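**Student:** I would like the atomic coordinates for the input below:
(2 chains)
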Amino acid sequence: MPDFLVFALLAGSGVALVSGPLGAFVIWRRMAYFGDTLAHASLLGVALGLFLQINTWLAVMVSSILLALALLLLQKRQALATDTLLGILSHSALAAGLVCVSRFAEQRIDLFSFLFGDLLTANAQDLVTIYSFAVLVLGLLIWAWRPLLLCALDQNLAQVEGLAVQRWQTLLMVMMALVIALAMKVVGVLLITALLIIPAASARQLTQSPEAMAILASGLGVLAVLGGLASSFWWDTPAGPSVVLAAGLGFLVSLVVRRRT
Amino acid sequence: MSNLVQLTDVGLVLGRQSVLEHINLKVGEREIVTLIGPNGAGKSSVVNVVSGLLAPTSGTLWRAPGLRIGYVPQRLHFEASLPMTVARFLELTTSTGAERDACQAQLHIGNLAQQQLHSLSGGELQRVLLARAMLRKPQLLLLDEPAQGVDVSGQVELYRTIALLRDQLKCGVLMVSHDLHLVMAQTDTVYCLNRHICCQGAPASVSQHPDYRQLFGKDAADIAIYTHNHDHAHNLQGEVVPHSCDHHHA
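**Tutor:** Purely as a prediction, here's the structure:
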């Protein structure tokens, strides 16, 4: 197996491992659109990072976290429904990102790779970044599992029982911002949400407990990375979209398996 | 008897709608307090103020420091996307296995242990939520229409269980109910609510109160003994119609 494929496989698996359990929360709390918004806005982070000449990962993470916090604040004043608000932000941010990239950095970046992922060029440096943040987020998830689960079950119940609901919600959003920055490398800004929700949705078909769902989602995500890269290697398909396609096929299989049991 | 919760002259405005006005209410240790009143009277709002979900617009809410609340909301929608069995749900409290077994037996939910939360019927869900509230070893049980979706014989049983829990857990209870007669035997104090507190007292006295009879119709009280001069009546919409009003209705 060529080196670039080993790196790609390790990078993709690292992201899939953490996007599985986090994706479960995205499904439970109906945050898919929120994920989309963060993902689209990350292109803006890329452009700003290039403009200010700081590390791209760092720029994306910081801009995503800032946007997540801004959304939390906006949600509190509910003049508009959240999905409307997200729709406005999501597409404005994507458009702003595209404009900024063409204005500041057209020669320096390959837009296509940001939109659809750049898995095959992953290097050792990327692996270090991906695995350190993956371990950080997984650690946080395990540490905060119970309160996060209670908030996902019912926010009011959790609040009356004395949990600081707002704080856990903020933690969840920050973790999402981090994982989205990681996933950008794997599948690109347009397909990130797929990597979060498809493995988790497939896992839901086959499990009876939240923990099992989260763990299986990780496993299915890794399988999707494997399948996508295999297809990319043998049939020369683009890596990011192939991973998402493999995850989609996995979801179909999970539906069939569920009907049989 | 020391108090667990006390509302002093609490008013609540949601949007532009005044939902509660001049509410004075307290729940003491081991006291069962029932809120009754027509739809839209603000019963759930009182519960939400006590629980801390809604902040009062005016007046004060006092809660005993570190008050541990067991809460059963009026309705709870569990996402089908979150797989969770009843057993696992009860495990999410700080309780021992023996406590959970005893509690499941007492509330007759042992057979539901492996069922998914989102597949439960209304009555089953109420009992599971009550079990969860109970496992928290609360100082105050907060029940918003615990009898919803439960048939009449089940309701009598349920209220009996709640009274039993009060003795067992040595907790205060604040609950919302539609039907005074079903809760009467198990209640210490009744507040009759229609945005403001119309009348309050022991169940027997409240059921004879003219305001109560105005709100719930003549059939609600078995024997009508007209002893009070009341300062206002209510029309069919439940709005206050003052006779000679000495206090202010917004």
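
**Student:** Phi, psi for the spatially most central residue of chain B please.
**Tutor:** Nearest to the centroid of the C-alpha atoms of chain B, with distances taken as Cα atoms, centre = their mean, sits residue B:175, at 1.7 Å. Main-chain dihedrals, residue B:175, degrees, to the nearest 10: phi -140, psi 160.

**Student:** quick one, what contacts residue 120?
**Tutor:** If you meant another chain, say so; for now it's chain A. Residues in contact with residue A:120, defined by Cβ atoms under 8 Å, 6 or more residues apart in numbering or on different chains, are A:4, A:5, A:8, A:232, A:239. From N, CA and C alone the C-beta is placed, and that goes for glycine too.

**Student:** Correction: the question concerned chain B.
**Tutor:** By Cβ under 8 Å, 6+ apart, the residues touching residue B:120 are B:86, B:112, B:128.

**Student:** May I see the buried residues of stretch B:79-90?
**Tutor:** B:79, B:81, B:82, B:83, B:84, B:85, B:86, B:87, B:88, B:89, B:90 (16 or more other Cβ atoms under 10 Å in any protein chain shown).

**Student:** oh sorry, the question was meant for stretch A:161-173
**Tutor:** Neighbour-count burial for stretch A:161-173, counted by 16+ other Cβ under 10 Å, picks out A:161, A:163, A:165, A:168, A:169, A:171, A:172, A:173.

**Student:** Can you narrow these down to the ones near chain B?
**Tutor:** With respect to chain B, and counting by Cβ under 8 Å from any Cβ of the partner chain, the subset of the buried residues of stretch A:161-173 in contact is residue A:161.

**Student:** List the ones among the buried residues of stretch A:161-173 that fall in helices.
**Tutor:** Per DSSP state H, helices hold the following members of the buried residues of stretch A:161-173: A:165, A:168, A:169, A:171, A:172, A:173.

**Student:** TSV for the residues you listed, including pLDDT?
**Tutor:** Putting these into TSV (pLDDT from 0 to 100) gives the following:
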residue	pLDDT
A:165	88
A:168	93
A:169	89
A:171	92
A:172	92
A:173	88
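
**Student:** Of all pairs in these, which one is the farthest apart?
**Tutor:** The most widely separated members of these, counting by Cβ to Cβ, are A:165 and A:173 (12.6 Å).

**Student:** still on that earlier bit, show me the contacts of residue B:120 that map onto helices.
**Tutor:** B:86, B:128.

**Student:** so which of the contacts of residue B:120 comes closest to residue A:49?
**Tutor:** Nearest member of those to residue A:49, counting by Cβ to Cβ, is residue B:86, at 48.6 Å.

**Student:** if I pick the closest one, what's in contact with it?
**Tutor:** B:109, B:112, B:113, B:114, B:115, B:117, B:120, B:128.

**Student:** So for it, what's the pLDDT?
**Tutor:** Looking at residue B:86, its pLDDT is 90.

**Student:** Residue B:9 should be in a strand, yeah?
**Tutor:** Yes: the assignment for residue B:9 by DSSP: H, G, I helix; E, B strand; the rest coil puts it in a strand.

**Student:** and the gap between it and chain A?
**Tutor:** 23 Å (Cβ to the nearest Cβ, to the nearest Å).

**Student:** count of residues packed around that residue?
**Tutor:** Other residues near residue B:9 come to 12 when the count uses other Cβ atoms under 10 Å in any protein chain shown.

**Student:** OK, contacts around it?
**Tutor:** Residues near residue B:9 by Cβ under 8 Å, 6+ apart: B:22, B:23, B:24, B:58, B:59, B:60.

**Student:** Give me the next element, helix or strand, following the strand or helix carrying residue A:223.
**Tutor:** Applying DSSP states H and E as the criterion places residue A:223 in helix A:210-235. For helix A:210-235, the following helix or strand on the C-terminal side (DSSP H and E) is helix A:239-260.

**Student:** what ranges do the helices span in chain B?
**Tutor:** For chain B, applying DSSP H gives helices covering B:43-51, B:86-91, B:97-106, B:122-135, B:152-169, B:180-183, B:203-207, B:210-216.

**Student:** hang on, isn't residue A:159 packed against residue B:69?
**Tutor:** No: under the criterion of Cβ atoms under 8 Å, residue A:159 makes no contact with residue B:69, lying 10.3 Å away.

**Student:** With neighbour numbers in mind, choose between these two.
**Tutor:** For residue A:159 versus residue B:69, the count of surrounding residues by other Cβ under 10 Å is larger for residue B:69: 22 against 18.

**Student:** In the sheet, which residues pair with that one? Tell me.
**Tutor:** Counting by DSSP bridges, residue B:69 forms beta bridges with residue B:140.

**Student:** residue contacts, it?
**Tutor:** A:160, A:161, A:162, B:51, B:136, B:138, B:139, B:140, B:141, B:142.

**Student:** Who are the contact partners of residue 25?
**Tutor:** You didn't say which chain, so I picked chain A. A:31, A:148, A:152, A:172.

**Student:** that's the other chain; I wanted chain B
**Tutor:** B:5, B:6, B:7, B:10, B:33, B:46, B:191, B:197, B:200.

**Student:** any idea how far residue B:189 is from it?
**Tutor:** 9 Å (Cβ to Cβ, to the nearest Å).

**Student:** what's the overlap in contacts for the two?
**Tutor:** With Cβ under 8 Å, 6+ apart as the test, residue B:25 and residue B:189 both reach B:33, B:200.

**Student:** centroid residue for chain A?
**Tutor:** Against the mean C-alpha coordinate of chain A, by Cα atoms, centre = their mean, the closest residue is residue A:180 at 3.8 Å.

**Student:** anything in contact with each of residue A:159 and residue B:69?
**Tutor:** By Cβ under 8 Å, 6+ apart, residue A:159 and residue B:69 have these common neighbours: residue B:51.

**Student:** how about the residues of the stretch 101-250 of chain A that lie near chain B?
**Tutor:** Counting by Cβ under 8 Å from any Cβ, the residues of the stretch 101-250 of chain A that sit close to chain B are A:146, A:149-150, A:152-154, A:156-157, A:159-162, A:201, A:204, A:207-210, A:212-213.

**Student:** what about 6 Å?
**Tutor:** A:154, A:156, A:160, A:204, A:207, A:208, A:209, A:210, A:213 (Cβ under 6 Å from any Cβ of the partner chain).

**Student:** biggest separation within the residues you listed, which pair?
**Tutor:** A:160 and A:207 (28.5 Å).

**Student:** Please say which of those two ends up with more neighbours.
**Tutor:** Just comparing residue A:160 and residue A:207: by other Cβ under 10 Å the higher neighbour count belongs to residue A:160, 23 against 17.
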